[in-house]
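# okay, here's the prediction I keep looking at, along with the sequence it came from:
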Amino acid sequence: MMAPGGLVIDMKSLDKVLEITDDYIDVEAGISWSAVLEATMASGRTPPVVTDWLGVSVGGTISMGGFGFMSFNRGTQMDHLLELEVVTGSGKRYVCSASQGKELFDAVRGTHGQFGIITRARIPLEVAPEAVRMLQVCYGSLRNLLEDMRRIVREGEANLVHGFAAEKSIDSVATRMNSKDAMSLSRADIERVLLSVPGDWIYNLEVSDLIHAKRTPRPPEPRSLGGLPGMADTWELSWKDFCFRRPPLILEEEDKGAAPHPELTVFLPLDDRGIDLAVNEFERLHPATDIGQGPVLFFSLDKRLITAPFLRLPKAQPYGFFLGILRRADPPTNDRIKDLIADNEAIYERVLDCDGVRYLPDTLPLSSGFWRRHYGDLWPRLVELKSLYDPDDILASSFGAAVSEA
């Protein structure tokens, strides 16, 4: 939202539920997803895709992506919309959808808010799960975790898949993800892992299934996965408790206080190239000195389910995975931030070499050339849309500067 010399519009006052039925909820776009879930759960309904942090706004995730741990089999929040209301940069108000005003509907999904401000959204609803069956497995090898993720998503063995990397410690081995609750593990197994696993990292994979009245699938058995022996736990959560868990970044700041987070978020192909790149980076990176003990996240997606045409995804494979390196600048000095950003950009170059792409909510380069490179052969079309819906570059950023140079 940075706009040097400009204004940032606070949308939180547009926070009303306008209409709710069994089939959809109509909301103002400044409303948080937590408020949406509170409203829908009261009648046993839910949106199809839920992000891991519900404090973000509906309009914000539609403008960015709206991924969740079920995106490998359900797509994104952008892919489950019945209707949007948009005020463009030229000051005109439109109602658009996949069948009415599709050009604008496509233009505002996943494009960083560069064509208009989303002011209202109609979101489909479905029956909420009764509960979520959880399996968490601890790994000493990132390669084993990603290979298991690849098999699970290809074979449809679960509804939700989510990975996490942290510095090797009792807490990272023995704590349930998105929580401060302890896993049901023996002390002897925990101590064995801390002594036997080489390196500085520990990895956890969360594999979950949604329990409905007529369908109770089971996640894979721990013995079928490549995790550490004896380092698995299973339990159940209500759908509400699952959705309202606190994500790692929030838990980190609760423990350590706020700090700058020069993040790198990318999508990599879920193939040998993408897995090799991730493994090589984690052999190089140290969780404290390079990441500042900030969270590192993994989840998978199927690009065949993504309907937003301007969201950049790896081309070669239908399946990809998100790598979120949410670095913490500690100490929070300008020099430290610059060093972390420089390393992010070096990783990004290697990501491009293996057909990976950037996910835009991270700490983006300020250069206007980034946007042309990011969008590639789609860039001329985006320039046309900018001139149509925001000709005076009211919704300015380095994106707008790149359009002006086109």
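Nice, thanks for sending it over.

# all contacts plus neighbour counts: C-alpha atoms, from now on.
Fine.

# which parts of the helix or strand hosting residue 343 are buried?
Taking DSSP states H and E as the criterion, residue 343 maps to helix 334-353. Neighbour counts over helix 334-353 (16 or more other C-alpha atoms under 10 Å) mark 337, 340, 341, 344, 347, 348, 351, 352 as buried.

# among these, which pair sits farthest apart?
337 and 352 (22.6 Å; C-alpha to C-alpha).

# isn't residue 85 right up against residue 93?
Yes: at 7.1 Å, residue 85 and residue 93 qualify as touching, with contact defined as C-alpha atoms under 8 Å.

# which one of the two has more residues nearby?
When neighbours are counted by other C-alpha atoms under 10 Å, residue 85 and residue 93 differ, and residue 85 comes out ahead with 20 against 15.

# hey, what's that one bridged with?
residue 95, residue 120 (DSSP bridges).

# who are the contact partners of it?
93, 94, 95, 96, 118, 119, 120, 121 (C-alpha atoms under 8 Å, 6 or more residues apart in numbering).

# point to the residue nearest the middle of the chain.
residue 67 (4.6 Å; C-alpha atoms, centre = their mean).

# let me know whether that residue touches residue 76 as I believe.
Yes: applying C-alpha under 8 Å, one finds residue 67 in contact with residue 76, separated by 4.8 Å.

# overlap in contacts of those two?
residue 49.

# quick check: which ranges of the stretch 101-250 of the chain have low pLDDT?
Low-confidence segments of the stretch 101-250 of the chain, defined by pLDDT under 70: 215-217.

# could you pull out the helices in it for me?
102-107, 142-155, 170-174, 187-196, 239-243, 248-256 (DSSP state H, counting those that start in this stretch).

# quick one: strands adjacent to the longest strand seen in the chain?
In the chain, taking DSSP state E as the definition, the longest strand is strand 201-211. For strand 201-211, the paired strands and their directions (DSSP bridges) read strand 131-139 (antiparallel), strand 160-167 (antiparallel).

# in CSV, list those strands along with mean neighbour count and distance to residue 374.
As requested, those are exported to CSV (neighbours: other C-alpha atoms under 10 Å; distance: least, C-alpha to C-alpha, whole Å):
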stretch, mean neighbour count, distance to residue 374
strand 131-139, 24, 34
strand 160-167, 23, 26
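
# I'd like these as CSV, with distance to residue 397 appended.
Output for the strands paired with strand 201-211, formatted as CSV (distance: least, C-alpha to C-alpha, whole Å):
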stretch, distance to residue 397
strand 131-139, 41
strand 160-167, 32
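
# nearest to residue 329, out of the ones you listed?
Comparing the strands paired with strand 201-211 by C-alpha to C-alpha, strand 160-167 comes nearest, at 15.8 Å.

# orientation of that closest one relative to helix 248-256 in degrees?
Here strand 160-167 runs at an angle of 40 degrees relative to helix 248-256 (axes from the mean of the first three to the mean of the last three C-alpha atoms, to 10 degrees).

# now do strand 160-167: distance to the chain's middle.
12 Å (C-alpha atoms, centre = their mean, to the nearest Å).

# can you dump the C-alpha coordinates of it into PDB?
C-alpha atoms of strand 160-167 as PDB (Å, rounded to 0.1, in the frame of the first residue of the first chain):
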ATOM      1  CA  LEU A 160      -5.800 -29.300   3.100                       C
ATOM      2  CA  VAL A 161      -2.000 -29.400   3.100                       C
ATOM      3  CA  HIS A 162       0.300 -26.900   4.900                       C
ATOM      4  CA  GLY A 163       4.000 -27.000   5.700                       C
ATOM      5  CA  PHE A 164       6.200 -24.900   8.100                       C
ATOM      6  CA  ALA A 165       9.900 -24.600   8.700                       C
ATOM      7  CA  ALA A 166      11.500 -23.300  11.900                       C
ATOM      8  CA  GLU A 167      14.700 -23.400  13.800                       C
END
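
# name the residues that touch that strand?
Against strand 160-167 from outside (C-alpha under 8 Å, 6+ apart): 69-72, 145, 149, 153, 172, 177, 200-209, 287-288, 293, 295-300.

# tell me what angle it forms with helix 142-155.
170 degrees.

# quick one, domains of the protein?
Listed domain ranges for the chain are 17-127, 131-243, 248-358, 369-405 (source: automatic domain parsing).

# quick check: which of these is nearest to residue 5?
domain 369-405 (10.0 Å).

# how many other residues sit next to residue 278?
17.

# now stretch 70-88, how far from the centre of its chain.
With C-alpha atoms, centre = their mean, you get 14 Å for stretch 70-88.

# look up how far residue 26 lies from residue 99.
Residue 99 sits 18 Å away from residue 26, going by C-alpha to C-alpha, to the nearest Å.

# okay, these two: which has more neighbours?
Applying other C-alpha under 10 Å to residue 99 and residue 26 shows that residue 26 carries more neighbours, namely 20 against 10.

# show me what the helix or strand encompassing the more buried one is packed against.
According to DSSP H and E, residue 26 maps onto strand 24-28. Here strand 24-28 touches strand 17-20, strand 116-124, going by 3 or more C-alpha pairs under 8 Å, 6 or more residues apart in numbering; DSSP states H and E.

# contacts for it?
Strand 24-28 is contacted from outside by 14-20, 36, 40, 119-125, using C-alpha under 8 Å, 6+ apart.

# tell me which other helices or strands the helix holding residue 343 touches.
So helix 334-353, by 3+ C-alpha pairs under 8 Å, 6+ apart, packs with strand 264-269, helix 272-284.

# so how many other residues sit close to residue 376?
Counted with other C-alpha under 10 Å, residue 376 comes out at 11.
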